[in-house]
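> have a look at this fold, sequence not included:
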């Protein structure tokens, strides 16, 4: 049982780390700000979610697990909302030097 | 080891970048990133209390304060890039910084082994406070006078900032964000985030007696949420002459001071608590202090009065 | 297990650091605001991994604050940028 849970954790956390890699590659390689916002927020929030899922297999007690999920939901909510604002400047303004 | 190496390189890199940045906006972003990374460092050092303070106060709220200052400088037509210090000034800055750095290094190297500490005495007497979090016990009981003075200093800083306003604006309103939000996105974000944020702020304040957290961290989050509603135009910043606002500002320090004075009668010295109801007294102090600090921090970010008071 | 979690935290942090190099470099305001977002998600992930690895439940609270304050800071940066745009005319 312990082994199976550990394996699940390793799988999910590794997958999460992969999405952080993808987000950063997108951030470094995409040509314009709107694409970079897109790469960063989608990939990173998924990466965070997968890491939370991975850690859920290690937590003891329901409350600790719920708290982890709450952290992810908060990051997701804040990230989605703030990204809209960022994208709005990208669309309207152009670079401020 | 690899984690620590990456962390140290990132913190130093961001710090150097922030100092070198020519644009004030860029420098503020660098400072905020530096603070958030520093929170990770404190967690790595197993000091979550400091990490909470750093993330909330050091990075978040100070970032907001710096940003307000940078906006103000921009309006006044002053930018960092337009000021070039002379070579003598630069040399003097280098020498002073080198001395400070050398002093810090010397202090670290000269520390006796083991370092002097009162931790054992504090830990031995913690039961008398009724608190389980040693950091809160130190801040609210063993060194309560420091905390009282910190709150008073914050209040004095706010008064000092208010006094920058011209006489006719005294008691007026701070500058509003002036953002009209046609499609309501900012309003939506604020409505979504603020209730959650207030809940998190109360949570951080409340667990302070048993786990890392406490009134300064909780108050910072509450202040940030207040600022958010003001920025989104949901509420206007209050006129600084409002009696309820001034009452809110002095309530914390006043209750703290009153209970401190009562300590002479009930426990024999200033800011002493009788062990049987120490925790109750600490909580009685903490609630108004948290609200006062939140109001002080939010008003500090809002800036001095810039609009005439409505009479 | 602890070694793996610490390694994963190090990897995520390295990704955040690389991303910071790009976002801080700018030169657009949008890229710089992204730095706060990047730390909001990456820093939170790192803290959650550390919380488990170091057996330090309080670090989850730090992660909570980090996620919240990163959003607050992003909004503050956004307002500042929007205000300077308005000031320029």
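Thanks, I have it. Nothing here was measured: the structure is a model prediction, and the numbers come from that model.
> now whichever residue of the stretch 151-300 of chain B sits closest to chain C: phi and psi?
Nearest residue of the stretch 151-300 of chain B to chain C (Cβ to the nearest Cβ) works out as residue B:212 at 4.1 Å. Heads up, the C-betas are built off the backbone N, CA and C, glycines and all. Residue B:212 adopts backbone torsions of phi -50, psi 130, taken as degrees, to the nearest 10.
> residues in contact with it?
B:48-49, B:51-52, B:133, B:135, C:58, C:61-62 (Cβ atoms under 8 Å, 6 or more residues apart in numbering or on different chains).
> mind listing what's buried in the strand or helix carrying residue B:204?
For residue B:204, the enclosing helix or strand under DSSP states H and E is helix B:185-206. For helix B:185-206, the buried set under the neighbour-count rule, 16 or more other Cβ atoms under 10 Å in any protein chain shown, comprises B:186, B:189-190, B:193-194, B:196-197, B:200-201, B:204-206.
> give me the subset of the residues you listed that also touch chain A.
Among those, the ones lying near chain A by Cβ under 8 Å from any Cβ of the partner chain are B:186, B:189, B:193, B:196, B:200.
> redo the buried residues of helix B:185-206 as TSV? Include pLDDT.
Below are these laid out as TSV (pLDDT from 0 to 100):
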residue	pLDDT
B:186	82
B:189	83
B:190	84
B:193	89
B:194	92
B:196	92
B:197	93
B:200	93
B:201	93
B:204	93
B:205	92
B:206	91
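> from the residues you listed, pick the one nearest residue B:104.
Nearest to residue B:104, judged by Cβ to Cβ, of those is residue B:204 at 30.9 Å.
> phi first, then psi, for the closest residue to residue B:171 other than its chain neighbours.
Spatially, and ignoring its direct neighbours in sequence, residue B:171 is nearest to residue B:241 (3.1 Å; Cβ to Cβ, 6 or more residues apart in numbering or on different chains). Backbone torsions of residue B:241, given as degrees, to the nearest 10, read phi -90, psi 0.
> so which residue is dead centre in chain A?
residue A:45 (1.9 Å; Cα atoms, centre = their mean).
> give me the neighbour count for residue 49.
If you meant another chain, say so; for now it's chain A. 21 (other Cβ atoms under 10 Å in any protein chain shown).
> I was thinking of chain C, sorry if that wasn't clear
There are 29 residues near residue C:49, going by other Cβ under 10 Å.
> so what pLDDT did it get?
Residue C:49 is assigned a predicted lDDT (pLDDT) of 94.
> tell me which other helices or strands the helix holding residue B:204 touches.
Where contact means 3 or more Cβ pairs under 8 Å, 6 or more residues apart in numbering or on different chains; DSSP states H and E, helix B:185-206 is packed against helix A:62-92, helix B:215-231, helix B:278-302, helix C:58-88.
> rerun at 6 Å
Applying 3 or more Cβ pairs under 6 Å, 6 or more residues apart in numbering or on different chains; DSSP states H and E, one finds that helix B:185-206 contacts helix B:215-231, helix C:58-88.
> ranking these by mean pLDDT, which is last?
helix C:58-88 (a mean of 84).
> is any residue of that helix near chain A?
Yes: Helix C:58-88 is in contact with chain A by Cβ under 6 Å from any Cβ of the partner chain, via C:60, C:63-64, C:67, C:71, C:74, C:78, C:81, C:85.
> and chain C, which residues reach chain B?
C:6, C:9-10, C:13-14, C:17, C:24, C:32, C:35, C:39, C:43, C:46, C:50, C:58-59, C:62, C:64-66, C:68-69, C:72-73, C:76, C:79-80.
> does any part of the helix or strand hosting residue A:7 sit near chain B?
Here residue A:7 sits within helix A:2-29, counting by DSSP H and E. No: legend: contact between helix A:2-29 and chain B by Cβ under 6 Å from any Cβ is lacking; minimum distance shown is 12.7 Å.
> buried residues in that helix?
Buried residues in helix A:2-29, counted by 16+ other Cβ under 10 Å: A:9-10, A:12-24, A:26-27.
> do the same with stretch B:50-61
Residues of stretch B:50-61 classed as buried: B:50-61 (neighbour count, 16+ other Cβ under 10 Å).
> who touches that stretch?
B:32, B:35-36, B:38-39, B:42-43, B:212, B:217, B:220-221, B:224, B:297, C:62, C:65-66, C:69, C:72-73 (Cβ atoms under 6 Å, 6 or more residues apart in numbering or on different chains).
> grab the nearest non-local neighbour of residue A:65.
Leaving aside its chain neighbours, residue A:65 sits nearest to residue A:59 (4.7 Å; criterion: Cβ to Cβ, 6+ apart).
> for the one you found, helix, strand, or coil?
Of the three states, residue A:59 takes coil under DSSP: H, G, I helix; E, B strand; the rest coil.
> how many residues are close by the residue in chain A that chain B sits nearest to?
Distances between chain A and chain B by Cβ to the nearest Cβ are smallest at residue A:81, namely 4.2 Å. When neighbours are counted by other Cβ under 10 Å, residue A:81 registers 19.
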